[in-house]
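Peer 1: next comes the sequence, and after it the predicted model I'd like to discuss.
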Amino acid sequence: MKKYLLLFIIAVFAMSCSKKVEVKGKITGGSPLERIEFIEASGVATLPLINIGVNKDGTFSGSFDAPKSGMYVVSYGGKQNLIYLKGGQKLEISGNGMTFPSEYVITGAAKKNNDFFTATQKYLSTYAQTVNMNELIMKDEKTFLKGIEKVQADINKNIDENVKKFNPDNELIEWKKNDLSSTLLTIMNQYDVTHKQMGNPSFKVTKAFTDFENKLQENKEVMVKENPFYRQYLLGKMNPDFQKYAEANSKGKTDITTSELFTEYLKKNQKDLSQTAKDYLLAFVMAQSDIHPGSPEKTVEKIKKIIDTDIKDATIKEDLKKIQFAINGFKIGEPAPEGALLKQDGKAYKLSENKGKPYMISFYASWNPYIGEATVPVLKEVVNFYKSKMNFVYVNLDDTKEQFVKTSSSLLKGITGVNVYGEGGLNSEIAKKYGVYGFKLPCFIVVDKDGKIASKPFFNLGDPELVTVLDKQTGLSAPKVNPNVQLQQGAGMDPAVVAAQQQAAAAAAQQQAKPQPAPTK
């Protein structure tokens, strides 16, 4: 299968107002240790909208507010696929635990649109094997353009045939054609770059080439809003110019960030670009380069300022603030917020009960198997060392209080501290206030004796920075530990992976057009 045409599987579409989506279904052979997540696909850095548990019999159900009708990512067991959802719709989805969600069956109101989507994707998978795109890219321009035009005609013909067969919504049809245009543009940019790299840096395409590019971008304002792949195409086009700009303007500036450079570049070198496009592109670069768990506080504050002053779109601004908070947490010194918490006996518990003594909050859930395997043994050592000088609060985020009682009585048996439950699990008040999602479990936050945040979120008890915070808060000096001790596979993940997940871009396609900002660290 040729790599460039695999890019056709990327899909994003968004169109209407926010309405609740109800979802239910069954995964035959599904594991109760796995979770199902839905993520809005066209956003710049969107977080999971819901995290649903699978029952022992494979059934599941839940509901969430869909920001837009359009393409969403459904994630399960480390695998992802795209699904088309409309606000106000009841979604019925089923599959086999071995192949879900790579393969799924839709019934009910969402059937016709997703049958259309599945049919067109299946055709693309087969069609990709008939075109040697690598060979076509090496041809002369006239032959290349003829080949690209044939690809466009063949796929559009299939889209039209499936429109007659399934009668999908007009908005979905428009998205399919815009998605095809985005893919063809990326291939065309690859052609340009390849020929410049073949010993002819002054190589220039003809007017016929640029005319075809412009024709593919007649809906560019819609495409930049709906399709992350089109945003990557735009970034790829401006990347050589940005590289030169970054190199010239980062000399002697040891702490300047990629986001700062790109913000300046857009203002000075891309004045003709629409504000909408600037917002989406800047947001993409920030999510990829500077919003990650390892960002120093100075960088976090710089990014906050850029979001406030340079991002104009209210939805993009809000999304970026949410992802930055989820990744970087509170500002040190902010009061630790309260949240509804229950003890095993059903009595309410307040975090402020710890005032006068520093404490560490540990968020966890039983459906994460790595917590029992890797976290608990390390946690015991940490608690035993610091317990004379600080308190420990373990916040369970299981789906039910019954599961919390069972888990805390077994998993944390014999470990000093207070066991409490956030009712509603990941949908609880406490999880929302502290920005806790499935990918952040387990998560550890230190609070000082005055009830103020004393650390960013940590995912690894062996992190030297966390040990430093604990030592500072207690006045103790812990023995050195192995910083590579991991609490959970995937915890503290690379920001590009997080961003790719929240933007729902398939990994193979991400690598083809991912922007390459100049290193500034």
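Peer 2: Perfect, I can see it now. Everything numeric here is computed off the predicted structure, so don't read it as measured data.

Peer 1: could you list the low-confidence segments of the chain?
Peer 2: 1-18, 480-521 (pLDDT under 70).

Peer 1: which stretches in it count as strands?
Peer 2: In the chain, the strands defined using DSSP state E lie at 19-28, 35-40, 50-53, 59-66, 70-76, 79-85, 90-96, 105-107, 341-342, 348-349, 359-364, 391-396, 418-421, 443-447.

Peer 1: rebuild the ones you listed as JSON lines, extending it with distance to F325 and mean neighbour count.
Peer 2: Any C-beta I mention is one placed from the backbone N, CA and C, and that applies to glycine too. As requested, the strands of the chain are exported to JSON lines (distance: least, CB to CB, whole Å; neighbours: other CB atoms under 10 Å):
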{"stretch": "strand 19-28", "distance to F325": "24", "mean neighbour count": "18"}
{"stretch": "strand 35-40", "distance to F325": "17", "mean neighbour count": "22"}
{"stretch": "strand 50-53", "distance to F325": "17", "mean neighbour count": "20"}
{"stretch": "strand 59-66", "distance to F325": "19", "mean neighbour count": "17"}
{"stretch": "strand 70-76", "distance to F325": "21", "mean neighbour count": "24"}
{"stretch": "strand 79-85", "distance to F325": "24", "mean neighbour count": "21"}
{"stretch": "strand 90-96", "distance to F325": "29", "mean neighbour count": "19"}
{"stretch": "strand 105-107", "distance to F325": "34", "mean neighbour count": "16"}
{"stretch": "strand 341-342", "distance to F325": "20", "mean neighbour count": "20"}
{"stretch": "strand 348-349", "distance to F325": "24", "mean neighbour count": "14"}
{"stretch": "strand 359-364", "distance to F325": "15", "mean neighbour count": "25"}
{"stretch": "strand 391-396", "distance to F325": "17", "mean neighbour count": "23"}
{"stretch": "strand 418-421", "distance to F325": "22", "mean neighbour count": "23"}
{"stretch": "strand 443-447", "distance to F325": "12", "mean neighbour count": "25"}
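
Peer 1: using CSV, lay out those together with distance to A119.
Peer 2: Listed next are the strands of the chain as CSV, based on distance: least, CB to CB, whole Å:
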stretch, distance to A119
strand 19-28, 21
strand 35-40, 22
strand 50-53, 27
strand 59-66, 23
strand 70-76, 16
strand 79-85, 12
strand 90-96, 17
strand 105-107, 12
strand 341-342, 49
strand 348-349, 53
strand 359-364, 42
strand 391-396, 44
strand 418-421, 45
strand 443-447, 41
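
Peer 1: for G147, which of those is the nearest?
Peer 2: Nearest of these to G147, taken as CB to CB: strand 79-85 at 27.0 Å.

Peer 1: compute the inter-axis angle for that closest one and strand 19-28.
Peer 2: 140 degrees (axes from the mean of the first three to the mean of the last three CA atoms, to 10 degrees).

Peer 1: what's in contact with stretch 415-425?
Peer 2: 51, 339-344, 349, 362, 365, 376, 379-380, 383-384, 387, 391-401, 404, 408, 412, 428-431 (CB atoms under 8 Å, 6 or more residues apart in numbering).

Peer 1: switch the cut-off to 6 Å
Peer 2: Contacting residues not belonging to stretch 415-425 are listed as 341-343, 349, 380, 383, 387, 392-399, 401, 404, 408, 428, 430-431 [CB atoms under 6 Å, 6 or more residues apart in numbering].

Peer 1: before we move on, what about stretch 336-352?
Peer 2: V405, V420, Y421, E429, I430, K433, V447, G451, I453.

Peer 1: try it again at 8 Å.
Peer 2: If you take CB under 8 Å, 6+ apart as the criterion, stretch 336-352 is touched by 330, 359, 361, 393, 395, 401, 404-405, 408-409, 418-423, 428-431, 433-434, 445, 447, 451-453.

Peer 1: what do you get for stretch 146-155?
Peer 2: Outside of stretch 146-155, the residues within contact range by CB under 8 Å, 6+ apart are 5, 8, 123-124, 127, 131, 136, 139, 180, 184, 187-188, 212.

Peer 1: what is the nearest of those residues to N167?
Peer 2: Closest to N167, out of all of the contacts of stretch 146-155 and judged by CB to CB, is Y123, at 17.3 Å.

Peer 1: count of residues packed around the closest one?
Peer 2: For Y123, the tally of surrounding residues (other CB atoms under 10 Å) stands at 18.

Peer 1: mind checking how far the closest residue to it other than its chain neighbours is from K165?
Peer 2: Leaving aside its sequence neighbours, Y123 sits nearest to N158 (CB to CB, 6 or more residues apart in numbering; 4.7 Å). Using CB to CB, to the nearest Å, one gets 10 Å for the distance from N158 to K165.

Peer 1: looking only at neighbour counts, state which of these two leads.
Peer 2: For N158 versus K165, neighbours defined as other CB under 10 Å are more numerous around N158 (18 against 12).

Peer 1: now do the contacts for K79.
Peer 2: By CB under 8 Å, 6+ apart, the residues touching K79 are F100, P101, S102.

Peer 1: what is the neighbour count of the first one?
Peer 2: Using other CB under 10 Å, F100 has 27 neighbouring residues.

Peer 1: next one: the second one
Peer 2: Close neighbours of P101, defined as other CB under 10 Å, add up to 19.

Peer 1: what's the closest non-adjacent residue to it?
Peer 2: Closest to P101 by CB to CB, 6+ apart is N81, at 4.2 Å.

Peer 1: relative to K456, how far out is that neighbour?
Peer 2: Distance from N81 to K456, by CB to CB: 33 Å.

Peer 1: repeat that for V105.
Peer 2: V105 is 43 Å from K456, by CB to CB.

Peer 1: same deal with A208?
Peer 2: A208 sits 53 Å away from K456, taking CB to CB as the criterion.

Peer 1: more neighbours, the two?
Peer 2: K456 (23 against 11).

Peer 1: settle this for me: the more buried one is touching A326, isn't it.
Peer 2: No - K456 is beyond contact range of A326, at 11.5 Å (criterion: CB atoms under 8 Å).

Peer 1: about what we covered before: which one of the strands of the chain lies closest to G199?
Peer 2: strand 79-85 (39.7 Å).

Peer 1: surely V447 meets M360?
Peer 2: Yes - judged on CB under 8 Å, V447 makes contact with M360 at a distance of 7.5 Å.

Peer 1: which one is D57 nearest to, not counting chain neighbours?
Peer 2: Counting by CB to CB, 6+ apart, the residue nearest D57 is K26, at 7.5 Å.
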